[in-house]
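Student: Build me a structure from this.
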Amino acid sequence: MVDFAFLDSGTGGIPYLQRLLEKKPDASCIYVGDTANFPYGEKTHEQIVKCVLEIAKKIIEKFNPKVFIVACNTMSVNALDVLREVFPATQFVGTVPAIKLASSVSKKRKIGLLATQSTVDNPYNVDLKNHFASDCELVLRADPDLISFIEHESFTATKEESIKAVMPAINFFYENGCDTIILGCTHFLNLAELFQEAADNVSGGTLKIVDSREGVTNRALSIFDSLNQNAADSKSEHEQKKSRLYVTGLSKVKDQNEYDVICNRYHLEWGGII
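Tutor: Residues are numbered from 1 along each chain as shown. Predicted coordinates:
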C-alpha cells in the first residue's frame, strides 16, 4: 500500500506530486503516466473512459493507494464519476479547470481557458462557469501542439525554446482581452512560471496565470488525514517504498532521457513500465 497514487496521460501531473511532497515530505507516492495512450485530448469520451479504467485497475491492484489523484483535467472531466462508481472503495480526487479561482482574480471578467480539445469541448466547463463565474466571459483555446512539446521536449529544452512554445497561447488570450488564464491541462503546470513570465512581458503584469495545484493538494491531504493514519504507520511505509515514477510505454526513444531528468529533478525512483 502507498499513501498517494497520481495518474496522468504523461508528465503533466508531476507538479501535483511535487506540491504534495512539499507539504507532506514523508508521504509514499507513485506516479503513473499513461504514455502508451498519450495524447488523451484528441480521444472520444468513450475512449478516455476505457483507457482510464484499465490503467486505474492496474494501479489499484498493484499499489492499493489510500488516496488516488487523477492528475489530469481530461481524465477527470470524462471519467471521474465512472471511476468512483467502478471502484467505490478507493478515495479519488480529480482535477478540473480552476474557474472558481480565476473568477476571484479577474477584474475585467474575461477569463481564458487553455486546455486539451476534449476538456475545451466538455460541457462540465459550462457548469463550472455558471456556478462560479456567471458574470465572466470564458475564452477557450485547445493547444495539442504545446501539450506534445511539454511531454516530449520541455524537460530538456532551453528556456528560450519553452517560452517560444507558450507565446502563441499567451498572445491569443491577451489579444482577446483576457486578464486571467487558467492552465486547464496539467501538462502546462510544468511551465507555469514561464507562462507567468511570458504573460508579464506581453501585458506589463496585468495578465495573471492560475491553476488548481493548491486546491487539489489540499483536498488530497484532507482525505488522507481523515483516514486516521498515525504518523508511525506513515513513516514506516515511507521507509519501505520511496516515491516512484512509472509509465505505460515509451513512444519515443529519447523519452527515457526525459524521465531520467524528471526523476533526478524531483528525487523520484524510476519504476519502469507498469
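Student: pLDDT (mean, whole number) over the host helix or strand of residue 59?
Tutor: Using DSSP states H and E, residue 59 sits within helix 45-63. What helix 45-63 shows for mean pLDDT is 97.
Student: got the buried residues for that helix?
Tutor: Going by neighbour count (16 or more other C-beta atoms under 10 Å), the buried part of helix 45-63 is 48, 49, 51, 52, 55, 56, 59, 60, 63. Bear in mind the C-beta positions are built from the backbone N, C-alpha and C, glycine included.
Student: Would you format those as TSV with distance to residue 120 included?
Tutor: As requested, the buried residues of helix 45-63 are arranged in TSV below (distance: C-beta to C-beta, whole Å):
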residue	distance to residue 120
48	14
49	18
51	19
52	18
55	23
56	24
59	27
60	29
63	32
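Student: which one among these gets closest to residue 135?
Tutor: Of all those, residue 48 has the smallest distance to residue 135: 31.3 Å, by C-beta to C-beta.
Student: Can you tell me the closest non-neighbouring residue to the closest one?
Tutor: Spatial nearest neighbour of residue 48, chain neighbours left out: residue 78 (4.3 Å); criterion: C-beta to C-beta, 6 or more residues apart in numbering.
Student: Tell me which residues are up against the helix or strand harbouring that neighbour.
Tutor: Here residue 78 sits within helix 73-86, counting by DSSP H and E. The contact list for helix 73-86 (C-beta atoms under 8 Å, 6 or more residues apart in numbering) reads 7-9, 40-41, 45, 48-49, 52-53, 56, 68, 70, 90, 92, 94-97, 115-116, 118-119, 122, 124-125, 184-186.
Student: Which members of these occur in helices, if any?
Tutor: 45, 48, 49, 52, 53, 56, 118, 119, 124, 125 (DSSP state H).
Student: Can you convert these into a markdown table and add a column each for distance to residue 196?
Tutor: Listed next are the ones in helices among the contacts of helix 73-86 as a markdown table, based on distance: C-beta to C-beta, whole Å:
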| residue | distance to residue 196 |
| --- | --- |
| 45 | 32 |
| 48 | 29 |
| 49 | 34 |
| 52 | 30 |
| 53 | 36 |
| 56 | 33 |
| 118 | 25 |
| 119 | 21 |
| 124 | 26 |
| 125 | 22 |
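Student: what sits up against stretch 112-131?
Tutor: Stretch 112-131 is contacted from outside by 39-43, 45, 48, 73-74, 77-78, 96-97, 99-100, 136, 138-144, 147, 169, 172-173, 176, 178, 180-185, 188, using C-beta under 8 Å, 6+ apart.
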